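S.K.: What would the 3D arrangement of this be:
(chains A and B)
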Amino acid sequence: MVEGGAMTDRPRVRFAPSPTGYLHIGGVRTALFNWLWAKKTGGTFVLRIEDTDQERSTPENERIILDSMRWLGLDWAEGPDVGGPHGPYRQMERLGIYQEFVAELISKGHAYRCTCTKEELDAQREALKQNDPKAQFRYPGTCRERTAATPDRPFVIRFKAPGSGAVTYKDKVFGEVTTPLSTLQDAVLVRADGVPLYNFGAVVDDITMGITLVARGRDHMINTPPQILLYEALGRKVPEFAHLPMMLAPDGSKLSKRHGAVSVAEYKDKGISPAGLLNYLVRFGWSFGDEEIFSLPDLISKFDWERCGKGDGKFDMKKLSAVAFEHLKRKELTTDEAYLAGVRPFLEARGLSVDDDRLVRALPLFRERGQTWADAAELMDYLFRESPVMDEKASKKFLVAPKADLLDEVASLFAEAPDFAPAALESAFNAFIAGKGLELKDVAQPVRVALTGRTASPGLFDVAALVGRDTAVARLRAAAQIARASAG
RNA sequence: GGUCCCAUCGUCUAGCGGUUAGGACAUCGGCCUCUCACGCCGGUAACGCGGGUUCGAUUCCCGCUGGGAUCGCCA
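M.R.: Prediction:
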């Protein structure tokens, strides 16, 4: 068996999701920090699937998680799909490995077989609660001295906890943490069916996969002491630990579906860019002076554990949108190609036939208007339709009888303009309205509604040029008809 | 309740003994303007409390309060 990271001194980190649901936004933050560290140090990012909760784990969830990771661009060097030298990378495929470690633990006297059933213990726990609601139930050690190698009843494997002393470790984020061992009990390591529990499975895998740094959410901090005990009982090198502060809901409670989107897929569907989402998440517990906006390469070079904070944070959708928007606005963060690829599915979802050339020309005008790709697609809707979807209120307000002739005249002006480029169009238009003693602001809205079907859009002449002369003229004439037909 | 952890504007945070406590989002004014955005200018807004240490505490120590995590044959 390959063990440890002997072949290299580069860090090996991992993200070990449980396929019991979609990829949670908090999980992404954990994955991101690990990934950044691997990229920065030239280390290895391992993806491991912890599917030992057979009740809730499904292959479908695993697929969703991997898809989300790919969408985010958090690639892994070793994992269930790509394999690797320390595989397999699904815990349920590693059952034999856990048995080897169980045997080692038992032979060293650090673990024992326990035939107490869950029902028996639940009853004891309940009885204790009855007598003293504040009392803390601890496994009484009934089977501690059992010697039979194969009891006549189903048995679980329990760790023989020291019962006294203390464990101290140096957390890369929280600093020195010391926990007394007196409260630790003989935890179950492996179920009767041979499936390991979290603390044991994770330790065995981290050992055999050569993980050198375990970075995970602060909710796992409580698991660290018993895990360290396991490393020590097995005589293996204890990895480094880095715990990340919690990401909470706006009201300070645990972030859940109740508070809105927690699944990565939902952000994808909202049109948030992966880089924008990651940028928002990295600022949760990590900062770099006053800098807020980072490209991925930027993050890789700047990230480090020393700049991680310890305080929990609350999720803020508004800020996420703002950060993601910043990424969409800046060409150096979202290239035209990336923007195109990002917004296109949202346009297509609206049933629009996307003209690539027009879309590229539209980009500079819409980048700063659509907070998300979904927004942008909505704003660009009229660019890819024969005629715009007419907003009733806008039409009623601006396409009125007194404007009908004007709209027709503008249509003619547009039809005859020698140059249909925005600047030329604008000067021709200005000359036209000046001749009528009007100002741009007097006629802009009717024309805008005619061209776009709405009261808000980029500059009129930009829009006209974008949809093209024929379409613009047709829309103006159609609007003139509407105006003429309106009551008035 | 036991154990562990945390504590700067509403939110994310900078600060690593001496600052008019900074930035960003949000919010409120204003500018720009063909609308909407973008952009720009400005305002409101924070060191939880009490003790120490120190010439001097947001910063170091202790206590309190508050918040979170966990106490499973979930992860």
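S.K.: For the stretch 101-250 of chain A, just list every one of the strands.
M.R.: Listed from the start of the chain, the stretch 101-250 of chain A has strands (DSSP state E, counting those that start in this stretch) covering A:111-114, A:156-159, A:166-171, A:175-180, A:188-190, A:213-217, A:240-244, A:247-248.
S.K.: can you list these in TSV and add distance to RNA strand B, mean neighbour count and mean pLDDT?
M.R.: Any C-beta I mention is one placed from the backbone N, CA and C, and that applies to glycine too. Supplementary listing: these in TSV, determined by distance: least, CB to the nearest atom of the strand, whole Å; neighbours: other CB atoms under 10 Å; pLDDT from 0 to 100:
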stretch	distance to RNA strand B	mean neighbour count	mean pLDDT
strand A:111-114	7	22	94
strand A:156-159	5	23	96
strand A:166-171	8	14	95
strand A:175-180	4	12	94
strand A:188-190	4	24	97
strand A:213-217	8	21	97
strand A:240-244	8	21	98
strand A:247-248	6	20	95
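S.K.: Tabulate these in a markdown table, adding columns for distance to A:R454.
M.R.: Formatted as a markdown table, the entries for the strands of the stretch 101-250 of chain A read as follows, by distance: least, CB to CB, whole Å:
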| stretch | distance to A:R454 |
| --- | --- |
| strand A:111-114 | 70 |
| strand A:156-159 | 66 |
| strand A:166-171 | 54 |
| strand A:175-180 | 56 |
| strand A:188-190 | 63 |
| strand A:213-217 | 45 |
| strand A:240-244 | 44 |
| strand A:247-248 | 37 |
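S.K.: Determine which of these approaches A:T41 most closely.
M.R.: Of all the strands of the stretch 101-250 of chain A, the one in closest proximity to A:T41, counting by CB to CB, is strand A:213-217 (9.4 Å).
S.K.: who's in contact with that closest one?
M.R.: Strand A:213-217 is contacted from outside by A:11-14, A:26, A:30, A:33-34, A:37, A:172, A:206, A:239-244, A:246, using CB atoms under 8 Å, 6 or more residues apart in numbering.
S.K.: what's the neighbour count on A:D356?
M.R.: A:D356 has 9 neighbours, counted by other CB atoms under 10 Å.
S.K.: Also A:A123?
M.R.: Using other CB under 10 Å, the number of residues around A:A123 comes to 11.
S.K.: and if you look at A:K257?
M.R.: Close neighbours of A:K257, defined as other CB under 10 Å, add up to 12.
S.K.: got the phi/psi numbers for it?
M.R.: Geometry field for A:K257 lists phi and psi as phi -50, psi -30, criterion degrees, to the nearest 10.
S.K.: who's in contact with it?
M.R.: The neighbourhood of A:K257, defined by CB under 8 Å, 6+ apart, contains no residues.
S.K.: what is the mean pLDDT for stretch A:43-54?
M.R.: Per-residue confidence for stretch A:43-54 averages out to 97 on the pLDDT scale.
S.K.: Next, the distance between the ends of that stretch.
M.R.: Stretch A:43-54 has an end-to-end distance of 32 Å (CA to CA, to the nearest Å).
S.K.: Report the buried residues of it.
M.R.: The neighbour-count criterion (16 or more other CB atoms under 10 Å) identifies A:G43, A:T44, A:F45, A:V46, A:L47, A:R48, A:I49, A:E50, A:D51, A:T52 as the buried residues of stretch A:43-54.
S.K.: Next, the buried residues of stretch A:469-480.
M.R.: Going by neighbour count (16+ other CB under 10 Å), the buried part of stretch A:469-480 is A:T471, A:A472, A:V473, A:A474, A:R475, A:L476, A:R477, A:A478, A:A479, A:A480.
S.K.: What number of residues are in the vicinity of the residue in the stretch 151-300 of chain A positioned nearest to RNA strand B?
M.R.: Taking CB to the nearest atom of the strand as the measure, the stretch 151-300 of chain A has A:Y198 as its residue closest to RNA strand B, at 3.0 Å. Other residues near A:Y198 come to 17 when the count uses other CB under 10 Å.
S.K.: any idea of the pLDDT on it?
M.R.: Predicted confidence (pLDDT) at A:Y198: the value is 97.
S.K.: So it sits against A:Q91, correct?
M.R.: No. Checked against CB atoms under 8 Å, the pair A:Y198 and A:Q91 is beyond contact range at 9.7 Å.
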